[in-house]
Structures are given as C-alpha cells and as structure tokens.
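J.: pasting a predicted model and its sequence here:
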Amino acid sequence: MKILVVEDCPTTRALLGIYLRSSGYDVFFAENGLEALERLAADRPDLIMTDLNMPYMDGIELTRSLKSDPAWACIPVIVVTTERDDEERERALTAGAEGYIVKPFTSDVVSEHIRQIMSDRSAPGGGASG
C-alpha cells in the first residue's frame, strides 16, 4: 500500500516515514498541499496523511480539492495535526477527511487509524470513519 505524507515539518515527515515503512508501507512525501497535488499525477497513493497547518495550501484546502475531484475523491485522507480543538477536527471531517490524529502520536495510533479506515473502505457499503 502506498501512502503520501504531506507535512511541512521535516522531523514529523521523517518520523511518519519511519513508522509507516516499519509497518511495510511504501511512503512518499510532499511538503504542502500544492506539492501533494503535483505528486498525485506521477504516483497515485492508496491513502494520504496530511498536516493541517502548512504554507501555500493547508490540509483543509488539500482535502477539499481531493474530495471535489472524481479522480482523487476515493483516496482516504487522515489529518495529522497539533490542533486538539474540536472545531478544527470537525472542519477536517466536514472537508472530507476520514481520520484525525493529534500530535504527538505513536506508531500504534497511526497503524490503528490506517487499519480502521482501510477496513471500513473494504466493508460492504465502503463507509468512512472519523
């Protein structure tokens, strides 16, 4: 499974890469939403993990762009952020994100979110979780 990590912080990007690769995922990266959209044309992910606050295009804008485009709308999005605010969580889920992880996180939390979302998508009806 291929995962696109969209994160402007090099440390968090590296940490997510380590967690995901150690779980057997193929991982590639973008530093912001605009770069992520460019990467989609070359390498289609099975799942996208995005930071909420980034320059040029934030995670909400990226999620809305993805979910409004039939070519990308089916790719699940997990927002990974420092924002603990329920309003921010609701904004992300309303934009179309299937998951929301608050930093700091563990590899177990990341893996469980991915498993749950992919399990929900493969279930009859293909529902999303949050």
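T.: Perfect, I can see it now. Bear in mind that the values here come from a model prediction, so they are computed numbers and not experimental data. Residues are numbered from 1 along each chain as shown.
J.: so what's the most centrally placed residue in the chain up against?
T.: The centroid of the chain falls nearest to residue 49 when counting by Cα atoms, centre = their mean (1.9 Å). With contacts defined as Cβ atoms under 8 Å, 6 or more residues apart in numbering, the neighbours of residue 49 are 3-7, 16, 77-80, 101, 110. Quick note: C-beta positions are derived from backbone N, CA and C, even for glycine.
J.: 6 Å instead, please
T.: Applying Cβ atoms under 6 Å, 6 or more residues apart in numbering, one finds that residue 49 lies in contact with 5, 78, 80.
J.: for it, which three-state class applies?
T.: Under the three-state scheme (DSSP: H, G, I helix; E, B strand; the rest coil), residue 49 adopts strand.
J.: from residue 31, how far out is it?
T.: Here the distance between residue 49 and residue 31 works out to 13 Å (Cβ to Cβ, to the nearest Å).
J.: that older thread, any idea what the residue nearest to the centre of the chain is bridged to?
T.: When bridges are called by DSSP bridges, residue 49 pairs up with residue 5, residue 78.
J.: now residue 27: which helix or strand?
T.: With elements delineated by DSSP states H and E, residue 27 resides in strand 26-30, which encompasses its position.
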